[in-house]
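Engineer: Could you look at this predicted model? Sequence included:
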Amino acid sequence: MGKKILVIDDEELITKSLVLALEKNGYEVLVAKRCDDALAMAEAIDFDLIISDIRIPGVDGIETVRRILELMATRKAKRVPRIFMTGYADPLTEENAQTLKPSAYILKPFDLLEFLTEVKKALGE
């Protein structure tokens, strides 16, 4: 398998679609539905990209990604690009997400080909 991508989203249909598309493009994909799961995975694996929905149960996706980045920084892991996605266009939320300097901020529903283009761009491909 290729580069490792962590997808954080609790919507089954979305995660299945993303996993299928990403794996078809040669990526290794792991899925977490909540913050605790994502942190546990990030403790064990150095991901090449983090893709997170903003609205997930419990701790939101922005704070989840912030915690993962802090965790990875303690290990001196490489800088990991991130992509946020959301079904709710809210300027304040987008502003908050932008503090983490994401490679992309994608509104749902999105075109899968455009999504894959953003993934490749984030990974420098």
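Structural biologist: Alright, I've got the coordinates. Numbering: from 1, shown residues only.
Engineer: make it CA atoms for all contacts and neighbour counts henceforth
Structural biologist: OK.
Engineer: what about residue 5, which SS state?
Structural biologist: strand (DSSP: H, G, I helix; E, B strand; the rest coil).
Engineer: Spatially central residue for this protein, please.
Structural biologist: residue 51 (1.2 Å; C-alpha atoms, centre = their mean).
Engineer: Wait, a helix at that one?
Structural biologist: No: counting by three-state DSSP, residue 51 falls outside a helix, being strand.
Engineer: what's near enough to touch it?
Structural biologist: Listed by C-alpha atoms under 8 Å, 6 or more residues apart in numbering, the contact partners of residue 51 are 5-8, 82-85.
Engineer: Please repeat the previous calculation with a cut-off of 7 Å.
Structural biologist: 6-8, 82-84 (C-alpha atoms under 7 Å, 6 or more residues apart in numbering).
Engineer: Am I right that residue 71 is in a strand?
Structural biologist: No: per three-state DSSP, residue 71 lies outside any strand segment and is helix.
Engineer: separation between the nearest residue to it once chain neighbours are set aside and residue 2?
Structural biologist: Of all residues not flanking residue 71 in the chain, residue 43 sits nearest, at 7.2 Å (C-alpha to C-alpha, 6 or more residues apart in numbering). Distance of residue 43 to residue 2, computed by C-alpha to C-alpha, to the nearest Å: 20 Å.
Engineer: before we move on, what about residue 17?
Structural biologist: Applying C-alpha to C-alpha, the value for residue 17 to residue 2 is 18 Å.
Engineer: rewinding a little: what sits opposite the residue nearest to the centre of the chain in the beta ladder?
Structural biologist: As for beta bridges, residue 51 partners with residue 7, residue 83 under DSSP bridges.
Engineer: And the pLDDT at it?
Structural biologist: Note for residue 51: predicted pLDDT of 99.
Engineer: what do you get for residue 89?
Structural biologist: At residue 89, the model reports a pLDDT of 81.
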